[in-house]
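Trainee: My questions concern the predicted model and sequence given below.
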Amino acid sequence: MAIRFELIHQDKETGARYGILHTPHGSFETPIFMPVGTQATVKTLDVDEIKEVSQGLILGNTYHLWLQPGDEIVKDHGGIRGFMNWDGALLTDSGGFQVFSLSKIRKITEDGVTFRHHLNGSLLHLTPEDSIKIQNNLGADIIMSFDECPPFHSSYEYHKESLERTIRWAKRGKEVHENPDSQALFGIVQGGPYKDLRLHSIEELKKIDFPGYSIGGLSVGETKDEMYEILEFLKDKMPEEKPRYLMGVGSPDDIIMGVENGIDMFDCVLPTRIARHGSAMTSVGKVVIKNKTYENDLGPLDPNCDCKVCKNYSRSYLRHLFKAKEMLGLRLVSYHNLYFLKTLMKDIREAIKNDRFSEFKDKVLKEYYR
RNA sequence: GGAGGGGUAGCGAAGAGGCUAAACGCGGCAGACUGUAAAUCUGCUCCCAUCGGGUUCGGCGGUUCGAAACCGUCCCCCUCCA
């Protein structure tokens, strides 16, 4: 088996999980947040910085690297790790989400998905088998089944049909997976807002048997309450002994709610995207650093953060970088936001270990970003 | 001194009688962003106000039912010639 998951402790009141995820390239305490490095780069940061702001496990993307530069080239470097000079662990998404986010120009059939290249318009076709083969070439420690991620509010009928197909795709993917001993293939739970479909999804994926399970189809436009309702429903349905990965979630409040509902792994572009757009996650709430109010603020971005950005630069300077369109601003806030989440996850784990998660949750929801 | 061109909102720049409080760009001020087609997108940006009202297109004076636009005059700016 490529990975091993140890469930070490559960918060007595909420059941929030603390564990360790062992991979071929490192063991990681969970709950963990994994920065997203779609194109074999966490935007604006170099590898040394990624080490500082992550736990050592980051994401890459099948769709993007397949199209550019091509998975064969990445394979020639020994996979993404060699390509980007990353000596930590990796997880790749299957490209399934891109099928959803590029939905204006897609056609889904039993075989796979046909859609247009977002850069040059050429017609492309991707199957579950292709996705796994590409991910074999990319060489991540954890890889994803090729799934369809329908809009949350699609009809029951559509979700059902899509879900059944995604289950068949999961089975097909597992059958062609070449390296189960070095790459753990996760199944992805879908079903939108429909609990019976979610349950059905879990049951079928369990039959196929994966070393870990992802929850997909959330944080795609539904309300927070809708998302939390599904998370709560799934809490005691997911396999106990396997890692649970909530895909695409990364605001502090959503992470907290995920952890409370038994999630072990998170990834999200939010911290790096909003950083590039001038917003910071801090212990005192969201700071839109480009706002005029920080024009002459000599204090640090986050008064309770000990990252190099908060130690060395003022809010006023950071605002100046954004107003002047200097790229250092994007880098520094990206660094901080990821560091902030790394710290948040550490604090979450401590709280669980001490059976004080509930208390910690209240604090975060009251004071932190959003 | 002569000939031509021009002065429009914070800046640049359209507009050449009513559809114009005035396109568009920049700048400014906010907002959004959740398995990254995103250093992006959206809104606001003369003044006061909730409807609505009040002042504008170098100055002044005209023509007209109506002028940023037409006429006169003055003031500034640019180019060329002496």
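Mentor: Right, received. Where do you want to start? For clarity, every value in this text was computed on a predicted model and none was experimentally measured. Residues are numbered from 1 along each chain as shown, chains lettered A, B, ... in the order given.

Trainee: Where does the closest residue to RNA strand B within the stretch 51-200 of chain A fall, secondary structure wise?
Mentor: Across the stretch 51-200 of chain A, the shortest distance to RNA strand B (Cβ to the nearest atom of the strand) belongs to A:Cys149, at 2.4 Å. Where C-beta positions appear, they are placed from N, C-alpha and C, glycine not excepted. In this structure, A:Cys149 sits in neither a helix nor a strand according to DSSP states H and E.

Trainee: Let me know the pLDDT of the spatially closest residue to it that is not a sequence neighbour.
Mentor: The spatial neighbour of A:Cys149 that comes closest, neighbours along the chain excluded (Cβ to Cβ, 6 or more residues apart in numbering), is A:Phe100 at 4.0 Å. Listed pLDDT for A:Phe100 reads 77.

Trainee: who touches A:Phe100 in this structure?
Mentor: When the contact criterion is Cβ atoms under 8 Å, 6 or more residues apart in numbering, the partners of A:Phe100 are A:Glu148, A:Cys149, A:Pro150, A:Pro151, A:Val220.

Trainee: Make a markdown table from these and add neighbour count to it.
Mentor: Formatted as a markdown table, the entries for the contacts of A:Phe100 read as follows, by neighbours: other Cβ atoms under 10 Å:
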| residue | neighbour count |
| --- | --- |
| A:Glu148 | 24 |
| A:Cys149 | 23 |
| A:Pro150 | 24 |
| A:Pro151 | 14 |
| A:Val220 | 18 |
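
Trainee: Widest-spaced pair of the residues you listed?
Mentor: A:Glu148 and A:Val220 (11.8 Å; Cβ to Cβ).

Trainee: Name the single longest helix found in chain A.
Mentor: Taking DSSP state H as the assignment, the helix of chain A that covers the most residues is helix A:327-353.

Trainee: in the helix or strand that that helix is followed by, what counts as buried?
Mentor: Scanning forward in sequence from helix A:327-353 by DSSP H and E, the next helix or strand is helix A:357-367. Within helix A:357-367, the residues that qualify as buried are A:Phe357, A:Phe360, A:Lys361, A:Val364, counting by 16 or more other Cβ atoms under 10 Å.

Trainee: ok, back up a step: what's near enough to touch the residue of the stretch 51-200 of chain A closest to RNA strand B?
Mentor: A:Cys149 sits in contact with A:Gly96, A:Phe97, A:Val99, A:Phe100, A:Gln190, A:Gly216, A:Gly217, A:Val220, where contact means Cβ under 8 Å, 6+ apart.

Trainee: Could you find the closest non-adjacent residue to the residue sitting nearest the centre point of chain A?
Mentor: Among the residues of chain A, the one closest to the centroid is A:Asp267, at 1.8 Å (Cα atoms, centre = their mean). What sits nearest to A:Asp267 in space, not counting adjacent residues and going by Cβ to Cβ, 6+ apart, is A:Met34, at 4.3 Å.

Trainee: what about the closest residue to A:Gly278 other than its chain neighbours, how many neighbours?
Mentor: If you skip the residues right next to it in sequence, A:Gly278 has A:Lys290 as its closest partner in space, 3.8 Å away by Cβ to Cβ, 6+ apart. The number of residues packed around A:Lys290, counting by other Cβ atoms under 10 Å, is 17.

Trainee: A:Ser122 too?
Mentor: Residue neighbour count, defined by other Cβ under 10 Å, stands at 8 for A:Ser122.
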